[in-house]
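Enquirer: Fold the following, please.
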Amino acid sequence: MNKIVVVGAVAGGATVASQIRRLDQESEIVVFEKDRDMSFANCALPYYLGNVVDARDKVLEATPESFYESKHIVVKPYHEVTSINDSKNTITVYDRVHETTFEAQYDTLILSPGCSANALNLDSPIAFTLRNMEDTDAIESFIEKNQVKNALVIGTGYIGLEILDNLYERGITPTLIHRSTHINKLMDQDMNQAIIDEMDKRNIAYRFNEQVSKVIGNEVHFESGKVEHYDLIIEGVGVKPNSEFIKNSNVTLDDKGYVPVNDQFQTNISNIYALGDIITSHYRHVNLSAHVPLAWGAHRGASVIAEQLAGDRTIHFKGYLGSNIVKFFDYTFASVGVSPQELKHFDYSMVEANQGEHAGYYPGNTKLHLRVYFDKTNRRIIRAAAVGKKGADKRIDVLSMAMMHQLTIDELVEFEVAYAPPYSRPKDIINMIGYKARNK
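Expert: Here you go, the predicted structure:
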């Protein structure tokens, strides 16, 4: 009997195991997860802490028991894979409960260990990171037990922004700091003004070019010299790949510790696959490598791997477009394509429009800012970004599909919008980008 071993039981690992079982009823599938919980909704964690998601069981999508009962897949929590012997097709596993170590054999190995949250090593009981359900439970328990009234949020990535938004909605007064002025890095920096405006509107304190130097009790000392008191600190300062256990194997890692894969999600070892936050792949629309640690890629990878193992070699991964989105209070920030930092690889031009999201005479009209970059050598779209209270998600999704099919910026005039006054204009903002591009 073929034995498939999966490392990691959250988005990528649980999904790939499930997808394999859908196509393969015979193989033995075992999933090792180093932490307590499997298959929880990572993206729900800030919203659960903000009481927007009102029940814990809505975040936990499966347990080892329910997974085995419905799919006949064995999931072993608190089992950490510590090394891979790819010449013998074995892994070494540490049972964290019984403090024992054993070897497990595999025919196919699938790596989905994800990433860990970076920590500032503040050595303080009031400081937390947020990466999994155990972190979430610890923060929730701390908030309730200590009747938290205010919190310091460190970092302006998606975790920092979403946590700040949700703590505020819960009634906890947040303060935001970031070590530089470069915030929400997936967005064009001059399109981030609404982040500042939304905090000003609510009298939320924030400081950039600021860092914590030490924490003594509830007293937080900053490099600026300020000393302030906080009940809670949440650090959102990036992640690092959980690839230490891979280093002594023959599986290739890049210089940052991520696993490069091909368009079948294979590593350089043919019977070892990888997916999720741990991998690097490539963009679909341009010839650049890409690391896109977001949910869509993990789910797409799971499907491709399952099809490959079931024998359908025609199914390949065509690459990322990097679509991403975040809500911050009343605004949505979304983009697709290469990052702002990667634009330097292209001879590009940019077109933008800033207009009402729908017909001006219809109530509730708000401004939508849309910006599109295109490669001047072939006029194909390489990046788009949108900010607004309404409609940013729709336009980025439309442009994602356009980029998928390598449309030029000029072809956007042909986009036929589903028009009615509450939703758009006869010439949608996407059409306007196409018309404006005629002068570029």
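Enquirer: Give me the helices and strands touching the helix or strand D165 falls within, please.
Expert: Following DSSP states H and E, one finds D165 within helix 158-170. Other elements packing on helix 158-170 under the criterion 3 or more C-beta pairs under 8 Å, 6 or more residues apart in numbering; DSSP states H and E are helix 45-49, strand 150-154, strand 173-177, strand 232-235, strand 324-328. All C-beta spots, glycine's among them, are computed from the backbone N, C-alpha and C.
Enquirer: Which strands and helices lie in contact with the second one?
Expert: So the one you mean is strand 150-154. Using 3+ C-beta pairs under 8 Å, 6+ apart: strand 150-154 touches helix 158-170, strand 173-177, strand 232-235.
Enquirer: got these as CSV, with mean pLDDT and mean neighbour count columns?
Expert: Output for the helices and strands packed on strand 150-154, formatted as CSV (pLDDT from 0 to 100; neighbours: other C-beta atoms under 10 Å):
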stretch, mean pLDDT, mean neighbour count
helix 158-170, 97, 22
strand 173-177, 98, 21
strand 232-235, 98, 22
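Enquirer: quick one, what contacts N218?
Expert: Counting by C-beta atoms under 8 Å, 6 or more residues apart in numbering, N218 touches I126, H229, Y230, D231.
Enquirer: circling back to that earlier point, put together CSV for the helices and strands packed on helix 158-170, with distance to N354 on each row.
Expert: Listed next are these as CSV, based on distance: least, C-beta to C-beta, whole Å:
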stretch, distance to N354
helix 45-49, 29
strand 150-154, 29
strand 173-177, 26
strand 232-235, 34
strand 324-328, 18
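Enquirer: Just give me the neighbour total for A117.
Expert: Per other C-beta atoms under 10 Å, the neighbour tally for A117 reads 17.
Enquirer: for N431, same thing?
Expert: Neighbour count for N431, taken as other C-beta under 10 Å: 19.
Enquirer: and it, what does it touch?
Expert: Here N431 is in contact with L412, V413, F415, V417 (C-beta under 8 Å, 6+ apart).
Enquirer: Break this structure down into its domains, please.
Expert: Using the TED database, the domains assigned to the chain come out as 3-35+77-114+242-310, 117-238, 330-438.
Enquirer: could those domains go into CSV alongside distance to Y320?
Expert: Supplementary listing: those in CSV, determined by distance: least, C-beta to C-beta, whole Å:
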stretch, distance to Y320
domain 3-35+77-114+242-310, 4
domain 117-238, 13
domain 330-438, 10
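Enquirer: Looking at the ones you listed, spot the one closest to Y47.
Expert: domain 117-238 (6.0 Å; C-beta to C-beta).
Enquirer: List the backbone torsions phi and psi for the residue nearest the centre of the chain.
Expert: Nearest to the mean C-alpha position of the chain, counting by C-alpha atoms, centre = their mean, stands L294 at 3.3 Å. As for L294, its main-chain torsions (degrees, to the nearest 10) stand at phi -130, psi 170.
Enquirer: can you give me the helices in the stretch 201-350 of the chain?
Expert: Along the stretch 201-350 of the chain, counting by DSSP state H, counting those that start in this stretch, helices occupy 295-309.
Enquirer: Give me the pLDDT value at N192.
Expert: For N192, the model assigns a pLDDT of 98.
Enquirer: no no, A11
Expert: 89.
Enquirer: how many other residues sit next to the closest residue in space to it that isn't next to it in sequence?
Expert: Spatial nearest neighbour of A11, chain neighbours left out: A298 (4.5 Å); criterion: C-beta to C-beta, 6 or more residues apart in numbering. Using other C-beta under 10 Å, A298 has 25 neighbouring residues.
Enquirer: Quick check: A298 vs K185, distance?
Expert: According to C-beta to C-beta, to the nearest Å, A298 and K185 sit 21 Å apart.
Enquirer: try G301
Expert: G301 is 24 Å from K185, by C-beta to C-beta.
Enquirer: Pick out whichever of the two has more residues nearby.
Expert: G301 (27 against 14).
Enquirer: Enumerate every residue touching the more buried one.
Expert: Applying C-beta under 8 Å, 6+ apart, the residues contacting G301 are G12, V16, F265, L275, G276, I279, F317.
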